[in-house]
Each structure stands twice: as structure tokens, then as C-alpha cells.
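Visitor: Sharing a model prediction with you, sequence too.
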Amino acid sequence: MSGGPVPRRDAMWLWVRQGPTTYGPATATVTSMSWAMGDGSTVTCAGPGTPYQGSVGMADSPDGGHRYTQTSINEPGERYPLTATSTWTVTWQVTGGGADSGEFTETRTSTVGVRVGEVQVLT
């Protein structure tokens, strides 16, 4: 592998000469989304979900959604901790320098507070 560390005064510069055998190619795709709703419920979607549009009113999501049954008034900060976890499948292949390839799974998690101030019973 060419490139490498070169000291410059007090700084160390690190790099790899980019090419098909040193820096790619790789493909990453989300294979699932899991939502921990903060009230003990978990929702798992095979895809990214469907964005909400006001024209659907109070309809349930066609592929991933949740209805809270209690307000978040008794939660810390009066918010449910909603945690989204995406699972990624990454496939890679070395070209030009061999026939090596592989696949691995990576997860990423993010949490946000959701305030639920009113719960309505729909019949």
C-alpha cells in the first residue's frame, strides 16, 4: 500500500492513495429500522417507512407506526425517549489486486425526546 505517515513539525498526516484496491468500492444499504418508542413498545420496519402527509389525517401508517396510549407527562423531561436503530449491510470487493470480497453488518442508533401531550380514543 502506498501513502503513509509523514511527520510535519508537530502534526502527523495520514492518508491512503485512493484507488480501487485501497479505498473501495463498497455498497451500504439499510436492511431494517427498529424504533424503541420509550413506552416499552418496539416497531420494526423492513424499509424506511412512509412519510406522513396531512391529507391522510389520523390514518395508521401502512408500513410502520405507533399509537401512544399514555401521555409523556410522567416521563423525565415530559418526553418519551424515542430511539431509532438502523441496521446496515455493507458489501465490499477488492478489484484489480485480487478477488477478495466480504460483507458485514453495522448498526447506528439515535435518540430523541418525544412529547405526547394528549391521547384520544378513536372508535
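Guide: All right, it came through fine. Residues are numbered from 1 along each chain as shown.
Visitor: give the contact list for the residue most central in space within the chain.
Guide: By CA atoms, centre = their mean, the chain has its centre lying nearest to S86, at 3.2 Å. Contacts for S86 (CB atoms under 8 Å, 6 or more residues apart in numbering) come out as 30, 32-33, 107-109. For every residue, glycine as well, the C-beta is placed using N, CA and C.
Visitor: quick one: which of these is nearest A59?
Guide: For these, the minimum distance to A59 (CB to CB) is 20.1 Å, reached by M33.
Visitor: Quick check: the gap between the closest one and W13.
Guide: From M33 over to W13 the distance is 38 Å, taken as CB to CB, to the nearest Å.
Visitor: what are the ranges of the strands in the chain?
Guide: Listed in chain order, the strands of the chain (DSSP state E) span 6-8, 11-13, 26-36, 42-45, 80-93, 101-114.
Visitor: Ok, which of the ones you listed comes nearest T69?
Guide: strand 80-93 (11.6 Å).
Visitor: For burial, what's the neighbour tally of the residue found closest to E118 once you drop the neighbours it is linked to in the chain?
Guide: The shortest distance from E118 to any non-neighbouring residue, by CB to CB, 6 or more residues apart in numbering, is to T71 (6.7 Å). The number of residues packed near T71 is 14, by other CB atoms under 10 Å.
Visitor: Could you list the low-pLDDT ranges of this structure?
Guide: For the chain, applying pLDDT under 70 flags the ranges 1-10, 20-24, 96-99, 120-123.
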